[in-house]
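K.L.:
With the input below, show me the fold.
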Amino acid sequence: MESWSAVTAERPVSAGEKRTNHSKLFSEIINLIESLSIDCQLSLNEILHYKLKSYSTAAGVNESEELHTLIENGLLVAVKNPEAQLRRFINVSDLNSRISPLKIPGFKKNMSYENFIRWCLETIPDRIPEIFSDIVVVKIAPEYKNSFRKISNYLRRKFDFEFFTDGEIDDDGKFIYYSEPWGSVETYHGYKFPDDDITELLDKYEANRCGY
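P.N.:
Residues are numbered from 1 along each chain as shown. Presented below is the predicted three-dimensional model:
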């Protein structure tokens with residue numbers, strides 16, 4: 001008679017167990033992030049929200065010590081993507097400053113941004129990594145992609161602000177702007193984050209700016 005250990009059949013995982021495992025993984029990710037320096041956390045926040053914006057995209061980021069730390073700790077992975085390296089620059093003049101001195105036949109300074117990108121990819125694809133070697137293309141690590149949004153929200157609640165105005169004008173005739181922690185709501189006692197696992201972890205690491 002075969003023992004249970006010899007049987008390879010797998011028990012179906014319930015939806016509740018999937019949620020529990022996901023929460024456990026999320027808490028482990030935050031534990032790793034909180035073990036890094038504030039500069040690394042700020043860098044990750046900027047990369048996730050302002051550059052990647054989604055778990056499926058890749059973005060060119062300026063090489064830095066913080067970036068290398070994030071890659072070494074497995075939060076980000078470096079990938080080969082010449083187009084993303086080029087699109088790290090948002091205007092033609094920045095691209096011109098790197099390509100023009102190389103005197104490449106067929107190069108024209110007055111190309112539009114999209115034509116410039118296309119020309120580089122078609123004409124000098126093998127030289128892009130060398131010319132833009134200070135730009136590292138990264139994606140979030142595949143094992144963390146399901147937690148992408150929650151990781152980003154954690155960091156935004158910890159660091160970011162939202163700015164608003166009620167139409168009040170100062171003595172110079174300019175609108176007066178106020179700020180509030182990103183993702184918070186105003187209550188009678190002040191600002192408050194939603195009651196969820198993200199806020200629980202902010203409390204755990206004493207990073208809840210709305211704690212009262």
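
K.L.:
Can you pull up the most central residue in this protein?
P.N.:
The chain has L48 as the residue nearest its centroid, 0.8 Å off, counting by Cα atoms, centre = their mean.

K.L.:
Relative to N45, how far out is L76?
P.N.:
12 Å (Cβ to Cβ, to the nearest Å). For the C-beta atoms, the positions are set from N, CA and C on the backbone; glycine is no exception.

K.L.:
Also H68?
P.N.:
Distance from H68 to N45, by Cβ to Cβ: 17 Å.

K.L.:
before we move on, what about N110?
P.N.:
38 Å.

K.L.:
more crowded one of these two?
P.N.:
N45 (19 against 8; other Cβ atoms under 10 Å).

K.L.:
Can you classify the more buried one as helix, strand or coil?
P.N.:
Three-state assignment for N45 (DSSP: H, G, I helix; E, B strand; the rest coil): helix.

K.L.:
and the nearest residue in space to it that is not next to it in sequence, how many neighbours does it have?
P.N.:
Sequence neighbours aside, L155 is the residue nearest to N45 in space, at 3.8 Å (criterion: Cβ to Cβ, 6 or more residues apart in numbering). Other residues lying near L155 total 23 when counted by other Cβ under 10 Å.

K.L.:
May I ask you to confirm that L155 is in contact with S43?
P.N.:
No: between L155 and S43 there is no contact under Cβ atoms under 8 Å: 10.1 Å.
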